[in-house]
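Enquirer: build me a model from this:
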Amino acid sequence: MATRTWAIDPSHSEVHFKIKHLMITNVTGSFNIFQASVATEEEDFSKATISFTADIDSISTGNEQRDGHLKSADFFDAATYPQIKFTATKAESVDNDGSYELYGDLTIRDVTKSIKLDVEFGGVVKDMYGNTKAGFTINGKINRKDFGLTWSAVTEAGGVIVSDDVKIISEIQLIEQA
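Expert: Okay, the predicted model is just below:
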């Protein structure tokens, strides 16, 4: 089979994260500008070559002040490190229903760590315009401090303001490139 190349369909994809605030509720954020380069020879993407980037300046939590703080040197330092990068290293089938564990290298603030993401493969279909599309649900969890995101504060009562664990929640639709 010939190599097939794919790109993210941004109008049908979303990249979100959740982090505990005051350890009682989750705050959700997203990256609104992201790209991926995917190449595969397999229908199920089990041996795909995948690289992904998200632009830090596109971060959105629904609060302009918080977004500015996240872009600052306290967190992502968007001026110095404008992108988050992920490069897949391998995928392992978890079961026969299209579930995989995707391993790869995540780079934030020039710190690269190996991570594991849980992937549910939704399948491949042709849309009403004749485009071939593939769908994925991707979930994972990282420790922000592993990547140099160490800003922290405590409340007057000694409680933690922001947790170390960050949940990754994404819906990705790829479109085959001609």
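
Enquirer: what ranges in the chain fall below the confidence cut-off?
Expert: 1, 43, 153-160 (pLDDT under 70).

Enquirer: okay, helices next: where are they in it?
Expert: Ranges of helices in the chain, per DSSP state H, are 64-71.

Enquirer: buried residues, stretch 42-59. List them.
Expert: 45-46, 48, 50, 52-54, 56, 58-59 (16 or more other CB atoms under 10 Å). Placement of C-beta: from N, CA and C, glycine included.

Enquirer: export those residues to TSV and append columns for distance to L70.
Expert: Below are the buried residues of stretch 42-59 laid out as TSV (distance: CB to CB, whole Å):
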residue	distance to L70
F45	31
S46	34
A48	30
I50	25
F52	19
T53	17
A54	12
I56	8
S58	11
I59	5
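
Enquirer: my guess is D55 contacts F76, does it?
Expert: No. Using CB atoms under 8 Å, D55 is not in contact with F76; the gap is 10.4 Å.

Enquirer: where's the residue nearest to K113 when sequence neighbours are not counted relative to I33, distance?
Expert: Of all residues not flanking K113 in the chain, D146 sits nearest, at 5.3 Å (CB to CB, 6 or more residues apart in numbering). According to CB to CB, to the nearest Å, D146 stands 24 Å off from I33.

Enquirer: same deal with A134?
Expert: Distance from A134 to I33, by CB to CB: 21 Å.

Enquirer: more neighbours: which of the two?
Expert: Each of A134 and I33 has its neighbours counted (other CB atoms under 10 Å); A134 has more, 23 against 14.

Enquirer: so how far is D44 from G98?
Expert: Taking CB to CB, one finds G98 at 7 Å from D44.

Enquirer: joint contacts of these two?
Expert: With contacts taken as CB atoms under 8 Å, 6 or more residues apart in numbering, G98 and D44 have F121 as neighbours in common.

Enquirer: which ones are touching F52?
Expert: Taking CB under 8 Å, 6+ apart as the test, what F52 contacts is 34-37, 85-87.
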